[in-house]
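1. for reference, the sequence and a predicted model appear below.
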Amino acid sequence: MIKLIQLLVIGTILALIDIVPMIKSKIDKYSIISAFIYHLIMPFILFNISNSQKVILGFVVYLICSIPIVVLVFKEDRQSVPIILISSIIR
């Protein structure tokens, strides 16, 4: 139960880091909601990866899963795309 709460808090913090610039740029609300849900769910997915190279695989999974968000955001604000990709790699 504690792990569940920790993952939820981590996901919320990561989501807020990503959507604040999107809100300031006045991006479509559906793109913002999509990004929030994505970052809220990804810590749960990454936590359940069982592999000896968990960190590298986590980077790759996070980056691949961010592609739909990049496509959504690219339509409205092309300047946010590098920020999203870099933040996906850093996590």
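-> Sure thing, it's come through.
2. show me the contacts for the residue nearest the centre of the chain.
-> Most central in the chain under C-alpha atoms, centre = their mean is residue 39, positioned 3.6 Å from the mean C-alpha point. Contact analysis of residue 39 by C-beta atoms under 8 Å, 6 or more residues apart in numbering lists 11, 14-15, 18-19. Every C-beta, even on glycine, is put in place using the N, C-alpha and C of the backbone.
3. pLDDT-wise, what's the bottom of those residues?
-> The lowest pLDDT within those belongs to residue 18, with 82.
4. and the gap between that residue and residue 11?
-> 11 Å (C-beta to C-beta, to the nearest Å).
5. with residue 38 instead?
-> Taking C-beta to C-beta, one finds residue 38 at 9 Å from residue 11.
6. also residue 56?
-> 21 Å.
7. of those two, who's got more company?
-> residue 11 (20 against 10; other C-beta atoms under 10 Å).
8. not counting its neighbours along the chain, what's nearest that one?
-> Once flanking residues are discounted, residue 11 sits nearest to residue 40: 4.1 Å by C-beta to C-beta, 6 or more residues apart in numbering.
9. alright, that wraps it up for me.
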